[in-house]
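Peer 1: Predicted model and sequence follow; I will ask about them next.
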Amino acid sequence: MSNASSDNLRQPTGLEWRQLALWRGDRCLQKNLNGHLQAGHAITLRGPNGCGKTTLIRTLCGLTEPEYGEVLWNGTAVRLQRAELHAQLAYAGHRAGLKDELTPRENLHFAARLSGSDDNDLAEIISALQLQGCADLPVAHLSAGQKRRVTLARVLSSGKPLWLMDEPFTHLDQAGREWLSERFNQHLRANGMLLLAAHQDTGLEAHRERVLELQGGEP
Amino acid sequence: MPSVAYGRQLDAIFVLSMWNWFFKLGSPPHFYRIATRLEPWLMGGALVLLVIGAYGGLAMAPPDYLQGDGFRIIYVHVPSAFLSMFAYSVMAVASAIGLIWRMKLAFCVAAASAPAGAAFTFLALCTGAIWGEPIWGTWWAWDPRLTAELVLLFLFLGYMLLRQAMPETRQADRASGILAVVGVVNLPIIHYSVEWWNSIHQGPSLMKLETPSIDGDMLWPLLVMIVAYQLLFIGILFTSIRTQILLRERNTRWISDLLS
Amino acid sequence: MSIFFAVIKHDLAMAFRRWSDLAMPLVFFVIVCTLFPLALGQDKELLQAVGPGAIWVAALLATLLSLNTLFREDFDDGSLEQLALSEHPLSVLLLGKTAAHWLVAEVPLVLLAPLLALGFDIPAAGREALLLTLLIGTPTLSLLGSVGAALTAGLRRASGLLAVLILPLSVPVLIFGARSADLAARGQSIEGPLLLLGGITVLALTLTPFATAAAVRVTLD
């Protein structure tokens, strides 16, 4: 055990962040955040609204620049190697990232092109998420839950090791949540990484999940 | 070996964060103090030179053989036109520095030089029009230099409006910085295109600013005025940079120490 | 490179599903071109003189109109952040989007311009030059516009702002484009200004994608 941890110290892998300070406009949301997400593990962000969960996720994937501090991917600052991180991550934020005019199938096909993954298992993921009925309808006609599942399908079929998801369980019914938890667990067992913000119980295997409780957040 | 690399990495991060710390926290108070100390000297120097230049230009320089006393407006027009370009360059260079090195003070400089630059541009346009009226018989003759100056005013206004529209300072800094850099690349092209646009109408311009040989008595007040305007601009720049610093750092300890 | 074409294909597919967006700038362009003779009168010589300039200004305004939607929707629905998180260079992806914009919004307008030039009684040489200058010049308008659209994508009520940012930067293209179309209509050679216009387009093509990518990252921050 000690051997493994010293190995980790020498060759840092995964996503790491040091002394992050997050600001929104004039307000400091969080400061001195440190953390490390390793293969096979998940970090769940919890905290009241406005405490910076979304900002932290966006900072970690390189969309938002931290006011202070550094995000590292496999030991190197993300600022210096953005493409390396982006080649390994899939992100689903509040905004679905779907085009209303296109069908889920077309949306997922384009997403696969963007992420450089092949879309061979697209049919499989579509049926697993019970999207067969609406896979060829324009996204504009889909319900909120269906849109959410298309967004999930994009991440789940991306083949990327690092998943960053902002409130993935919203708009899902009980069965959908359980199914998603199971997919997350599979991903972790396959040495994937998961960072998510969630209000609900995530249903992840306890020894793989770490909860990061963020304080503060008055509106 | 990886441990050495990792150590070096940590060093690099440490140095980088030291730089960050230096730029973000160390620099503004430092600059604020220097600017506060220098400002009276700059403004005083500008005032003295303005008086000397104005006396030289308005009283000592001989009247122009073609334009009579009308030419004397160049003692305002030329320095402000020069400063308008200078202010845009300062804005663009500061923006580039800010974008590349994430330096807050550079963005303060860029944001501060836009209104001053726009004011000088406006002054150059007004004096140019007033100068043109007796010479061309019209307030606005689409002289290429003045036209380019007008486009420059639009660029300044666009920069300021973009800053105004952005709710967050950090975003406004970087967005307007990109615009300034794009603008400065475009500026020579605008100048050239306007020159070309003018040349297809009337060949070489009849009334250019540089007369082939300018009398020494006319020239030295002009040079004094340019230096005076330059000092004035830097003085104004320092004042508004200090305002920018106060605005941005209003929640920090050193500002409350300073004000108490 | 293949991702560049994939982006174009994707954007074209969307544009054709929503053809009203496609037609709107074109209809606007035609209407503005019609307004000039209505405002100026039927004097043939006058119309001939202002024609190339009027058509160029109308094309510039129509471009602005279509640029408003270039990144706005992508920003709102989150596809812009997906582009920014792709491992492909963002500048290439955005250049693909800009190219799609040019194909959808500018090319029809360029093709229509010689037809509208008939209304201004512009001779054949001038119509040809108009087509040529618009063909060479409009990519620069799209490219410069993409920088402005990227800067303003996150701002509500930014349509006026986009115009203020982009129009001054478009001055050289307008001058070289409109003036050389006019010169050609008067029977003069326009090789020089055409080369300059081409040079500006090449410069814009090499530099603006980076500015657009930087602007998108700022907008998403």
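Peer 2: That came in fine, so what should we check first?

Peer 1: When you work out contacts or count neighbours from here on, use the C-alpha atoms and nothing else.
Peer 2: Fine.

Peer 1: So which residues on chain A come close to chain C?
Peer 2: A:61-65, A:83-87, A:91, A:93, A:95-99, A:101-102, A:110, A:113-116 (C-alpha under 8 Å from any C-alpha of the partner chain).

Peer 1: And the residues you listed, which of them are buried?
Peer 2: Among these, those buried by neighbour count (16 or more other C-alpha atoms under 10 Å in any protein chain shown) are A:61-65, A:83, A:85-87, A:91, A:93, A:95-99, A:101-102, A:110, A:113-116.

Peer 1: going on from the helix or strand of chain A with the lowest mean pLDDT, what's the next piece of helix or strand?
Peer 2: Least confident helix or strand, chain A: helix A:2-10 with a mean of 46, by mean pLDDT, DSSP states H and E. Note on helix A:2-10: by DSSP states H and E, the next helix or strand toward the C-terminus is strand A:15-24.

Peer 1: Return the set of buried residues in the helix or strand following that following strand.
Peer 2: Using DSSP H and E, the helix or strand that follows strand A:15-24 towards the C-terminus is strand A:27-37. Buried residues in strand A:27-37, counting neighbours by 16+ other C-alpha under 10 Å, are found at A:29, A:30, A:36, A:37.

Peer 1: Pick the one among those closest to residue B:144.
Peer 2: Closest to residue B:144 out of the buried residues of strand A:27-37 is residue A:29 (51.7 Å), distances taken as C-alpha to C-alpha.

Peer 1: Was I right to think the closest one contacts residue A:51?
Peer 2: Yes. The pair residue A:29 and residue A:51 passes the contact test of C-alpha atoms under 8 Å, sitting 5.9 Å apart.

Peer 1: from the buried ones among the residues of chain A next to chain C, which ones fall inside strands?
Peer 2: residue A:91 (DSSP state E).

Peer 1: Okay, and which of the buried ones among the residues of chain A next to chain C map to helices?
Peer 2: Assigned to helices by DSSP state H, the following of those qualify: A:83, A:85, A:86, A:110, A:113, A:114, A:115.

Peer 1: what about residue 197, how many residues close to it?
Peer 2: Picked chain A for this. For residue A:197, the number of neighbouring residues by other C-alpha atoms under 10 Å in any protein chain shown comes to 24.

Peer 1: Sorry, I should have been clearer: chain C.
Peer 2: Residue C:197 has 25 neighbours, counted by other C-alpha under 10 Å.

Peer 1: And for residue C:189?
Peer 2: Neighbour tally, residue C:189, other C-alpha under 10 Å: 12.

Peer 1: Pull up the per-residue confidence for it.
Peer 2: In this model, residue C:189 is scored at 83, pLDDT.

Peer 1: and if you look at the one 10 residues further on?
Peer 2: Each residue has a pLDDT score; the one for residue C:199 is 93.

Peer 1: swap in the one 4 residues further on?
Peer 2: In this prediction, residue C:203 carries a pLDDT score of 94.

Peer 1: low-confidence ranges in chain A?
Peer 2: A:1-12, A:119, A:217-219 (pLDDT under 70).

Peer 1: Just give me the residue right at the centre of it.
Peer 2: The geometric centre of chain A, computed from its C-alpha atoms, lies nearest to residue A:164 (C-alpha atoms, centre = their mean), at 1.3 Å.

Peer 1: Surely it forms part of a helix?
Peer 2: No. Judged by DSSP: H, G, I helix; E, B strand; the rest coil, residue A:164 forms no part of a helix; its state is strand.

Peer 1: surely it meets residue A:198?
Peer 2: No. Judged on C-alpha under 8 Å, residue A:164 makes no contact with residue A:198 at a distance of 11.5 Å.

Peer 1: list the contacts for residue A:101?
Peer 2: A:138, A:139, A:140, C:14, C:17, C:18 (C-alpha atoms under 8 Å, 6 or more residues apart in numbering or on different chains).
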